[in-house]
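Undergrad: Next one to model:
(5 chains, ligands or ions: 4)
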Amino acid sequence: MKQNFKEIFRRMKKNKAAMIGLVIITLIILTAVFADFISPYEYGIKQNSKERLLPPSSTHLFGTDGNGRDVFTRVIHGARTSLTLGLVTTLISAVGGGVLGACAGYYGGRLDDFIMRVLDTIMCIPNMLLALSIVAALGSGIGNLLIAITISNIPVFARIIRAVVLSIVENDYIEAAKACGTRDWRIIHRHILKNAMGPIVIQATMSISKMILLAASLSFLGLGVQPPAPEWGTMLSEAREFMRRAPYLMIFPGAAIVLSVLSLNLVGDGLRDALDPRLKS
Amino acid sequence: MIRYVLKRLLLMIPVLLGVAFIVFSVMSLAPGDPARAILGENATQEQLDMLNTQLGVDQPFLIRFGTFVVNVVTKLDFGLSYNSQRPVFDEIFTRFPYTLRLAVLGVIFSSIIGISIGVFSAIKQYSPFDTISTILALFFASVPGFWFGMMLILLFALQLGLLPSNGLDTVKHYILPTLSIAIPYSAGILRLTRSTMLETVRQDYIRTAKAKGVTEWVIIWKHAFRNALLPVITQLGNVFGQLLGGAVVIETVFAIPGLGSHIVNAIRMKDTPVVMASVMLLAFFFCLVILAVDLLYAFVDPRIKAKYARR
Amino acid sequence: MSQPLLKTVGLKKYFKVPGGFLHAVDGVDLEIPRGKTLGVVGESGCGKSTLGRSVLRLLEPTEGQVFFHGEDLLAYDKKQMRQMRQKLQIIFQDPYSSINPRLSVAEIIAEPMIVNKTFGSRREIFARVEQLMDTVGLAKRLATAYPHELDGGRRQRIGVARALAVNPEFIVCDEPVSALDVSIQAQILNLLMDLQRDMGLTYMFITHDLSVVKHISDEIMVMYLGRCVERAPSRELFKNPTHPYTKGLLSAIPVPDLKMRDKTIELLKGEVASPINPKPGCRFAPRCEQAIPQCFEQSGEMIEVAPGHFCSCGCKRA
Amino acid sequence: AGNSEAGGSTAAPAGSESAAPAGDNTPAPSVSSGRDDLIIAINQDIKTFDLMYGSGMLMTQLGINVYDSLLQFENDGTPNPWLAEKWEVSDNGLEYTFYLREGVKFHNGEELKASDVVFTVERGRESPKMSAICANIATIEALDDYTVKVVCNEISSTFLIEFCGEKFPIYNQKAVEEVENYGDHPIGTGAYKFVSNEQGSKIEFEAFDEYWHGAPAIKKLVYRIMPDNFTAGVALESGDIDMIWATNAATAATLEQNEKLVLLSEPSINVLYVAMNTQAAPFNDVKVRQAVNYAMDREMIQDIVDEGRSDIKDYLPLDTMPGFVEPKTRYSYDLDKALSLMEAAGYSESNPIEVTMLTNTANQKLAEVVQECLSAIYIKANLDVLETNTFTSQVYTSSTILSVSNFNMIYNDMDMINRFYNSARIDLHNAPRYSNTRVDELLELGRGELDVEKRREYYGELIEIVQEDAPYAALSNPHIIRAYNKDLNVAKSYTHGIFMFDVSWN
Amino acid sequence: MSEKLLQVKNLEIQYKTDLETVYAVNGISFALDKGETLGIVGETGAGKTTAALSILRLLPEKTARIPKGEILFRGENLLLKPEAEMRSTRGEQISMIFQDPMTSLNPILTVGDQIFEALAFHNDTGMTREQMEARVDETLELVGIPRSRKRDYPHQFSGGMKQRVVIAIALACEPELLIADEPTTALDVTIQAQVLAMMNDLKHKLNTAMILITHDLGIVAQTCDHVAVMYAGEFVEYGSVFDLFTADKHHPYTDGLFGSIPNLEVETDRLQPIDGLMPDPTDLPSGCKFSPRCPKCMDICTKQKPTTYQNGTHRIACHLYSGKEVEEA
Ligand SMILES: Nc1ncnc2c1ncn2[C@@H]1O[C@H](COP(=O)(O)OP(=O)(O)OP(=O)(O)O)[C@@H](O)[C@H]1O
Ligand SMILES: Nc1ncnc2c1ncn2[C@@H]1O[C@H](COP(=O)(O)OP(=O)(O)OP(=O)(O)O)[C@@H](O)[C@H]1O
Ligand SMILES: [Mg+2]
Ligand SMILES: [Mg+2]
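TA: Numbering: from 1, shown residues only, chains lettered A, B, ... in the order given. Ligands and ions are numbered 1, 2, ... in the order given. This is a model prediction of the structure:
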């Protein structure tokens, strides 16, 4: 396994775009981790009615928001919530969707029908509504937001993974594994999911941005992360009010999202290629 | 083929029932009662009780669900909106056309933009065009819809005064909302088109076509693109489904009386009949869209058609 | 006569397909003595692979029995079968799709041992992997390589090593050399024969390449549309083909010999009949030039035309 | 309580004398700008035009175009004659006699009769919204076509406001009985006839030429539904619409820059507050509650939450409420005092308070500021932002310790605060679960008293107690902000809306 | 002697990727006349397909380079032709049957369409639609598929039939040169026999020149006039079929190939495969490229490029035979 990581990284190093992405996202993550040391102001609560809506300057790198808070500080701290949100929901829904999709694809038949109909059902309920209902049912808060977003995302993964699995089970190595008496779960995770990694990774990186944005649209509806914890999506929605007076309020969290998404996608593309030992160069 | 369609239509029943059950239970489990939402902050307890009894929300869950299903199945009656006391379907059907039109336009434009650019950047893989379009796509995939809508409004409605900023009265009114929907979605379609095209142009039959001396254009659109279409159609189906119920933000920003924002309001007001009916309607359409997508597969790919025919 | 290692009686495998039942294997009886090779030849789609898989219970047979060491495999429950699997292995045609591309060579070969918990420690497993790689002729340095870095021949060796990992007694070789070019094909065939000699393995060797099958088999079974049409010791079959299909098959082999150059080959005419709900009668009858009306009504029984040489052709019988 | 009160019968004859109704200056119908239509943005749909089944400010606004009530109240609570030309209150304060204006026409051509008023009350008894008001009405009868007599169960100082104000529009019996789907085809005596309602999109009215008050200058009235303030702002600036019925401070700040627009910023009936659960730790300690009151930086709240467009408040009732007495106990931002109170209560840096603070989506920003203010006095308030509906169902339960929200003072009378302090309202409106027998008593007394001085006495005592006990920390009274085209003449605006016949083009 | 139909001179082809350069074809030369068949045999990865694709200029644009060599078709150098002209050459004058019939047909177009397309793009004579349809029917029947099946899709055909469709496409415009890249590898013997017989027939009928790439010496013996044995991008041996099957001198690699096939006539206990594996095409050995595997390897072989021995049409590139030496063309 150690070998594998090294190997994957070695392959990824050759992909310039992926490396740039990796550097950027690492920087963003480091910023998030060390936010307390980096940020010039105490985060979150510190508000100041005298310093509202100041444009970017040397004291306030990204300006201040409607509550007189330093936007730079909030963007840095927002990375925590937003990235966690994007990554955790993606991870859980990828795993959940992965397992469901893999089972549906691998066993086929009735189980397949059942799983897919259930997922259809969830998919039939529009994303936003599902999230809204769950948040309405369980109350808002980041935990429930996570659940909501995750559930709405599971069918998407499941569908894609099922399709991939269907093509993988055609391979003889699955049969070879069966011939050795390998148990089903081992076949699924070691032989099937491992080979479905490419599409999963790509879907996952795309999904991270979708999740952050879904959280943002939920904050647009007032269902986002609990304040004052800054979160990029919510910051964007809050900045909406000041769109015309203080456009920079939107630019910085927006740029943070775009940058993370861009770099994550670059990394995702690179990772997909690197994970696939078959791809040359 | 017809048998297949019938079977699929039949399979919609459990799905719709499932949707109904889930939404109904969520609506019942959610805290807050509709009477409070309707009567507002200042209501007294008597008023609340009175209204709740009138609305029938004090009955046990299963009975309410049962009644709901029976009414829907036997009379296609979704009841009255708690909130407005109007028949739910009247309310929905005044709004649904807007949503449907926007969704259709959104899908059309996002596919036109996404597919054409996607195909082109696949052909010119690694060219500056490809790089730029990929970056732009990722950019548009990561800006929230409302931002885009608001920028368009500021630019075209306020600064230039070219286009109206709200409502859907004339053709002109459709331009900005359609763009705000289409562009972010086209980003996803673009990426998908690009990757499937890259996959397809590597296939042997493309080489066969080239060896026949077929022109580039025909190879791209007739041979490669049609084969790359399947995943793109799936994606378009998903987009369509999402747009049917999900363009809430765009509806709000452009003051469009669509279904999305109506449902959101209904959820907030705990207006179960409205939520039920709208989601069921959406689910119904979504199922139809999925079915249409599957039938479109058959139209595009004769192998799939053969599979359906045999079922 | 000693007990055969593997024996099937009336083995059938039908697939339920939209048009009805596809008779992929339709009543095959065979016996393979220990340490011998049975070659199975036949047109593409005639059910060779299905037969191989049914024998190993990778597909559940519809009907019939499979005796291994005289015991009916089909009567085993899941757990017993899982244990039994160590004795029965398979090597696939396609060295590309039969090897998990995400695992390294060592991992692939170790996999059956890990699954069956044959060896306790990692070290033991690794030692065994090295030994196996040596046996099949893979250099040790390839242990950490990934399949895509290897050519078809080496990949096929991995397939062989994987099959050997659990010390099987019987191996189904499902066209193990069809995808390889002649020189590599020769290397693999030599390897298989060496292993048989050294370890007393028993093979069921599926192929449609007749020169290969002749070289490796002790006995050959010719299949047509799910049925065995002719079975004979390999030299006898080539010397004295009896069934019209076998004849057609043999004459179709291009021989690297200029003498045959201007000789016109007798081509089999017509397409293979559908295996879905086949009509009664000899399956080959629609393409058979010597077919008589009886052939369309009644399917032939296997008759011993020479010692150990069985043929099902109705006209011979008449 | 034998005397008839000042705003009652004494004012009534004055009203009845003048043929021209109460509005100080009736705008002369003008034709100068050539336009006689008006497009107004409102932020949500109207669920039903049957006012007995709807709620909200917006409903009232649309309602007063279509319907009239018996009386018309000034912002300070002064009643003016409206459909009732005059009214009398019996000496025991339980019987009211209303004399209706003659010749008032409903939109369907019917004339307003006393029977319509009776019908309205009878119908109101059935409706969830009016039933509470009607519950106090023992009998109502039409003495003749233009005289109605109402007998109350008990004396209520708010009876006039509740029963005669814009919240109690007069329906036409025939219309309700004959029109199918009445909720979508309202018929009243108001200045505008309902034309159509395109749900979610627009609502159209046309001037009622036979309006008893004179035909309005604006002939065609359109309400466009624009849920988003930004959109409405852009639409107003680009001339798509002529007026925004109510916008928010942030949008107002942008619109302010535009010289072609007028911003009308007026005190609303909305009060922002913090409510502390007086029955549970730590807010069962009065010192802590007072400390919270002192810790509120109300100026910051004014700046951040309302961009300065609000009035700072440290007590709940509105100054305009009849019976209002300015409290002596006041709270201004004084961190030292707050800290010493906290320390006296046993809290310190090392022994802080940690609580969950509920709020609803509309007040999130406010809550964030409050949160910060609290953090200065060792209170760590974890915000829980809920959907408005969910919030309402949770905030009055005993498990809620701290909440931030707003009230609409829908009745302009001191009795309005009854619901905030009365122990009988615990679990319903009394979020702090405040219970004080003297306060309960005083609330009853004030409500049952029609004499103004007496009421001021009761409420004066009451307000000192509740200020001292501090179950709430009142924060501010945000303004209602209307924005409209400069060419538009808005003669008068009420806290409950604008009468559109007061509006005309220059 | 009149001008040859196809002349390939000293062709070299490389695949350049970021990391490495694959030397796929390293200077091959041959000529072909009308009606002649050239067989190319050799191990996997020897560069057979690459060489064939280069004639049609179908090599992947991004990676493939042709640093040296000429491909003269009727005297014209195809490598210098503009793409548009090349397009009209493809299919009309030179066409190709690809390695795998299963994937060479577009799954979503009817077979009729796919044949029709080839005609439509080379419609110099101004055939009407009907005429072209008629020609499609004719071509289909030529390869033994009833015309009624032209509206069918590829998945409705068996492997052998698909291969025949591929051949029909290649033959639709009656090309002067047909390149068949392992046309039967994916088929079983009975169908292989049918396909080969048919191609032979057609060749005689239309007098088409053909390049036949295969692993199977049996097929070579049955169908080819000339044979080239390819190893690591070079022709190690070239000659008529008779040279190859009857001459006594052979390149050691050719010997190895023959030794590898199980012989139906002769009983052998063990096959005699060539030891070792193909050299890494990114890093070819110096001197003779076969030297590391050659059982008769001499000192000189590892150092010096082999000389060419020529006997009539028979050429062998090996140090073993330094009799009649000629310079490479
Ligand atoms: N899972 C399945 N479901 C339905 N039909 C099947 C299945 N597997 C095989 N068949 C059918 O059974 C028949 C025999 O297939 P099988 O793979 O055994 O043939 P084969 O002789 O191995 O052919 P080949 O030489 O091409 O490998 C074929 O007609 C095939 O289409
Ligand atoms: N597109 C490509 N990019 C890089 N290298 C390639 C490419 N195509 C082929 N090669 C390499 O070029 C060499 C020659 O390949 P080619 O396909 O011509 O061999 P071949 O003789 O046709 O083999 P086979 O018998 O397997 O078809 C091989 O080493 C192969 O790996
Ligand atoms: Mg097979
Ligand atoms: Mg090749």
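Undergrad: moving C-terminal of whichever strand or helix holds B:Leu179, what's the next helix or strand?
TA: Element membership of B:Leu179 [criterion: DSSP states H and E] is helix B:171-201. Per DSSP H and E, the first helix or strand lying C-terminal to helix B:171-201 is helix B:204-211.
Undergrad: any idea of the angle that following helix forms with helix B:171-201?
TA: With axes from the mean of the first three to the mean of the last three C-alpha atoms, to 10 degrees applied, the angle from helix B:204-211 to helix B:171-201 works out at 90 degrees.
Undergrad: which helices and strands sit right next to the helix holding B:Leu179?
TA: Other helices and strands packing on helix B:171-201, by 3 or more C-beta pairs under 8 Å, 6 or more residues apart in numbering or on different chains; DSSP states H and E, are helix A:197-220, helix B:88-123, helix B:128-142, helix B:145-152, helix B:226-246, helix B:248-253. Where you see a C-beta, it was placed from the backbone N, CA and C, and this is true even at glycine.
Undergrad: close to chain D, is the shortest one?
TA: So that's helix B:248-253. Yes. Applying C-beta under 8 Å from any C-beta of the partner chain, one finds helix B:248-253 touching chain D at B:252-253.
Undergrad: Output the contacting helices and strands for that helix.
TA: helix A:197-220, helix B:88-123, helix B:145-152, helix B:171-201, helix B:259-268, helix D:229-237.
Undergrad: cool, and the second one?
TA: Under the contact criterion of 3+ C-beta pairs under 8 Å, 6+ apart, helix B:88-123 touches helix B:128-142, helix B:171-201, helix B:226-246, helix B:248-253, helix B:259-268, helix B:272-300.
Undergrad: For it, list every residue counted as buried.
TA: Within helix B:88-123, the residues that count as buried by 16 or more other C-beta atoms under 10 Å in any protein chain shown are B:88-89, B:91-92, B:94-96, B:98-103, B:105-107, B:109-111, B:113-115, B:117-123.
Undergrad: Which single helix of the chain contains the most residues?
TA: Going with chain A. With secondary structure taken from DSSP state H, chain A has its longest helix at helix A:71-107.
Undergrad: other chain: chain E
TA: helix E:189-206.
Undergrad: Tell me where the stretch 51-200 of chain B is predicted with low confidence.
TA: Residue ranges of the stretch 51-200 of chain B with pLDDT under 70: none are present.
Undergrad: With respect to A:Val118, which of the helices and strands packed on helix B:88-123 lies nearest?
TA: Nearest to A:Val118 among the helices and strands packed on helix B:88-123 is helix B:272-300 (13.4 Å), distances taken as C-beta to C-beta.
Undergrad: after the closest one, next one along is what?
TA: helix B:302-310.
Undergrad: Is that next one positioned near chain E?
TA: Yes. Helix B:302-310 reaches chain E (C-beta under 8 Å from any C-beta) through B:302-303, B:306.
Undergrad: Give me the phi and psi angles of residue 239.
TA: In the absence of a named chain, this looks at chain A. Phi and psi for A:Ala239, reported as degrees, to the nearest 10, are phi -70, psi -20.
Undergrad: tally of neighbours for it?
TA: Each residue near A:Ala239 was counted by other C-beta atoms under 10 Å in any protein chain shown, and the total is 22.
Undergrad: before we move on, back to that, out of the buried residues of helix B:88-123, which are close to ligand 1?
TA: For ligand 1, no contacts are drawn from the buried residues of helix B:88-123 by C-beta under 6 Å from any ligand atom.
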